[in-house]
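[1] The following comprises the amino acid sequence and a computationally predicted model.
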Amino acid sequence: MRLLFCALLAGLLSTCSTHPPLLEQVLDLGELRVATRQSPTSYYEGIDGPAGPEYDLARGFAEQLGVELIIIPVVSVADIVPALVSAEAHMAAAGLSVTQSRLEYTRFSQPYDQVDTHLVYKLGTGKPRSIEDVIGGRIEVIAGSSHVDTLVALRDDYPDLEWVENADLEVSDLLDKVVSGEIDYTLADTTDFNIHRHYHPDLRIALDLELADPIAWAFKKDRGDSLLAAADEYLIEAKRNGLLAQIRERYYGHTDRFDYVGTRSFIRHVDSRLPRFRDWFEMAGMESGIDWRLLAAIGYQESHWRAKAVSPTGVRGIMMLTEDTAEYLGLDDRLDPQSSIEGGARFFARQIERVPDSVPEPDRTWMALAAYNVGFNHLKDAMKIAEMQGGDPNRWVDVSEALPLLSQRKWYSKVKYGYARGWEPVLYVKNIRSYFDILLWLTSNEEVESETDESEEELSNSALTENA
């Protein structure tokens, strides 16, 4: 009803006056208003401000147009099309699949990505082998999503198939419900599944329901082609110049590799081992200006949070510092966990400083991590090889492809510092990014509870002041 009302209202308004082309409106306004949803695959508030693959891509489009990007976050994916129809937003960038129901009211840009749609279940509950096996099970999906269209299409062949549509939850919430046993199944796209399986390693894919589903930006159907045409040109160029590949690597590059046993062990060690060292990681984070959870992720990758760890090559301690590095940092005892953590934080901060200013975040951090592992000189060699290959030495996506070449004579003979086991820092960075993401997720509730406690304390103090 809401969608119908918006469509009728927009139709009536369009008969009253002739509007200039949408692109001209955007340029005159000086704003590009983009509807999106808050999720790790679209838009969210990161440590350093707004982030997300859709946000980065839309921000680039706004910069190309020379206007300010205005994000309009919606409560549910079902609210995106109404935001377009009512002209609240000029376009939508929310990881939207091109579906028949959406084409009734919107037009789509050139696809800039594609995803598979999976039926997801929990390990140990019995893997369904066909749609017949899930009939009678508790299936829940997001209302207004492409997943509803998928199930509706399946019902033609399986009339007994039933499900619940929820407009108040996101994919992450439904995956949580699968893990807790509240529901048996949900549907998730590849990107969402790959991210959340690191938090919930018991999630599994039962069936692939859609393959290579195109993802695109959406525009209101009767608002002309001017902004849509500009978006198409931008997206085609973003694919050609490597921007799309860079964004994919930034947000999804560490999610394609999954170690079930390792992830379960990490989550278990967060409870059993991290508490002993957490205060020192937090102190080191405050002193260095580096998120303590990233330092903890480095420590886990290095030693699995074992203070007395020693490797066959002689590095030791929770941050696995070499003897030369410890001497450079002025550390007397590498096996003392507090000294090791403080020293590791200072050494990592030094690697960040050494990365050229031309490298933006978060690529700067990923390169510094690689330097922590393989040495800064080998990182410089990889940056040079990336440039030799026609890539961008300031982008991690290109440097990460060049690093493994340091083990090939054809390439390491062309650079100053020679051979290196270049595939190791690539895996090293992927693992740390995964651990860091899991720590962010595990500690997010602590921040919400802390803010709630502070608000309650302020209200209590206010009440005491008034009573006094």
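    Here it is on my side, so go on.
[2] Pull the number of nearby residues for the closest residue to residue 303 other than its chain neighbours.
    Computed as Cβ to Cβ, 6 or more residues apart in numbering, the closest residue to residue 303 that is not its neighbour in sequence is residue 309, at 3.8 Å. (C-beta placed from N, C-alpha, C; glycine too.) A count of neighbours around residue 309, defined by other Cβ atoms under 10 Å, yields 19.
[3] Now do the contacts for the closest residue to residue 37 other than its chain neighbours.
    Using Cβ to Cβ, 6+ apart and skipping the chain neighbours, the partner closest in space to residue 37 is residue 94 (4.8 Å). Contacts for residue 94 (Cβ atoms under 8 Å, 6 or more residues apart in numbering) come out as 35, 36, 37, 42, 43, 54, 74, 77, 80, 218.
[4] Would you mark the buried spots in the host helix or strand of residue 325?
    Following DSSP states H and E, one finds residue 325 within helix 323-329. Neighbour-count burial for helix 323-329 flags 325, 326, 329 (criterion: 16 or more other Cβ atoms under 10 Å).
[5] Mind picking the one among the residues you listed that's closest to residue 402?
    residue 325 (24.7 Å; Cβ to Cβ).
[6] Apart from its chain neighbours, what residue comes closest to that closest one?
    Closest to residue 325 by Cβ to Cβ, 6+ apart is residue 347, at 5.9 Å.
[7] Contacts for the strand or helix carrying that neighbour, please.
    Following DSSP H and E, the helix or strand that holds residue 347 is helix 337-354. Outside helix 337-354, the residues within contact range by Cβ under 8 Å, 6+ apart are 276-277, 280-281, 283-285, 287-290, 295, 298-299, 302, 307, 317-319, 321, 325-326, 328-329, 331-334, 364-365, 368-369, 371-372, 376.
[8] Buried subset of those as a ChimeraX selection?
    Selecting the buried subset of the contacts of helix 337-354 in ChimeraX, with 16+ other Cβ under 10 Å as the burial test, is done by:
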select :277,280,281,284,285,288,290,295,298,299,302,307,317,318,319,321,325,326,329,331,334,364,365,368,369,371,372,376
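[9] coming back round to it: quick check: the residue nearest to residue 303 touching residue 334?
    No. Using Cβ atoms under 8 Å as the test, residue 309 is too far from residue 334 to be in contact (9.9 Å).
[10] and for these two, which residues touch both?
    Counting by Cβ under 8 Å, 6+ apart, the common neighbours of residue 309 and residue 334 are 316, 317.
[11] Report the rounded mean pLDDT for the host helix or strand of residue 132.
    Here residue 132 sits within helix 131-134, counting by DSSP H and E. On average, the pLDDT along helix 131-134 is 97.
[12] Pull that helix out as PDB, backbone CA atoms only.
    Provided in PDB are the C-alpha atoms of helix 131-134 (Å, rounded to 0.1, in the frame of the first residue of the first chain):
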ATOM      1  CA  ILE A 131      14.000 -28.400  -1.800                       C
ATOM      2  CA  GLU A 132      11.800 -31.300  -0.700                       C
ATOM      3  CA  ASP A 133      14.000 -31.800   2.300                       C
ATOM      4  CA  VAL A 134      13.400 -28.200   3.600                       C
END
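[13] which strands and helices sit next to it?
    Of the remaining helices and strands, none touches helix 131-134 by 3 or more Cβ pairs under 8 Å, 6 or more residues apart in numbering; DSSP states H and E.
[14] So which residues make contact with the helix or strand following it?
    As assigned by DSSP H and E, the chain's next helix or strand after helix 131-134 is strand 140-142. For strand 140-142, contacts defined as Cβ under 8 Å, 6+ apart pick out 76-78, 147-148, 151, 163-167, 169-171, 174, 177, 183, 185-187.
[15] List the residues that contact the closest residue in space to residue 211 that isn't next to it in sequence.
    Once flanking residues are discounted, residue 211 sits nearest to residue 116: 5.2 Å by Cβ to Cβ, 6+ apart. Residues near residue 116 by Cβ under 8 Å, 6+ apart: 189, 190, 208, 210, 211, 212, 213.
[16] So for the closest residue to residue 20 other than its chain neighbours, what's the pLDDT?
    The spatially closest residue to residue 20, leaving aside those adjacent along the chain, is residue 28, at 7.6 Å (Cβ to Cβ, 6+ apart). Per-residue pLDDT puts residue 28 at 97.
[17] Same check on residue 172?
    87.
[18] Which of the helices or strands spans it?
    Per DSSP H and E: residue 172 is located in helix 171-180.
[19] shaky segments in the stretch 201-350 of the chain?
    312-313 (pLDDT under 70).
[20] Just the strands from the stretch 101-250 of the chain, written as ranges.
    Ranges of strands within the stretch 101-250 of the chain are 106-108, 113-122, 140-142, 164-166, 186-189, 203-220, based on DSSP state E, counting those that start in this stretch.
[21] could I get those strands as JSON lines with distance to residue 84?
    Shown next, in JSON lines, are the strands of the stretch 101-250 of the chain (distance: least, Cβ to Cβ, whole Å):
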{"stretch": "strand 106-108", "distance to residue 84": "6"}
{"stretch": "strand 113-122", "distance to residue 84": "20"}
{"stretch": "strand 140-142", "distance to residue 84": "18"}
{"stretch": "strand 164-166", "distance to residue 84": "21"}
{"stretch": "strand 186-189", "distance to residue 84": "21"}
{"stretch": "strand 203-220", "distance to residue 84": "5"}
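[22] okay, those strands, which one's buried deepest?
    Across these, the average number of neighbours (mean count of other Cβ atoms under 10 Å) peaks for strand 186-189, which reaches a mean of 26.
[23] name the helices or strands packed onto that strand?
    Using 3+ Cβ pairs under 8 Å, 6+ apart: strand 186-189 touches strand 113-122, strand 140-142, helix 146-155, helix 171-180.
[24] when you compare where the first one runs with where strand 203-220 runs, what's the angle?
    When axes from the mean of the first three to the mean of the last three Cα atoms, to 10 degrees is applied, the directions of strand 113-122 and strand 203-220 differ by 140 degrees.
[25] what do you get for the third one?
    Inter-element angle recorded for helix 146-155 and strand 203-220: 110 degrees (by the same axes, to 10 degrees).
[26] please begin residue numbering at 55 from this point
    Yes, from this point I'll number from 55; that puts the last item at helix 200-209.
[27] Can you give me the buried ones in helix 200-209?
    For helix 200-209, the neighbour count (16+ other Cβ under 10 Å) marks 200, 201, 202, 203, 204, 205, 208 as buried.
[28] quick one: average pLDDT of that helix?
    Averaged over helix 200-209, pLDDT sits at 96.
[29] So which residues make contact with that helix?
    For helix 200-209, contacts defined as Cβ under 8 Å, 6+ apart pick out 150-151, 153-156, 171, 185, 193, 195-196, 215, 217, 219, 241, 263-264, 267.
[30] Equivalent analysis for the last one, please.
    Taking Cβ under 8 Å, 6+ apart as the criterion, the residues outside helix 225-234 that touch it are 93-94, 174-176, 194-196, 220, 237-240, 242-243, 246-247, 250, 254, 256-257.
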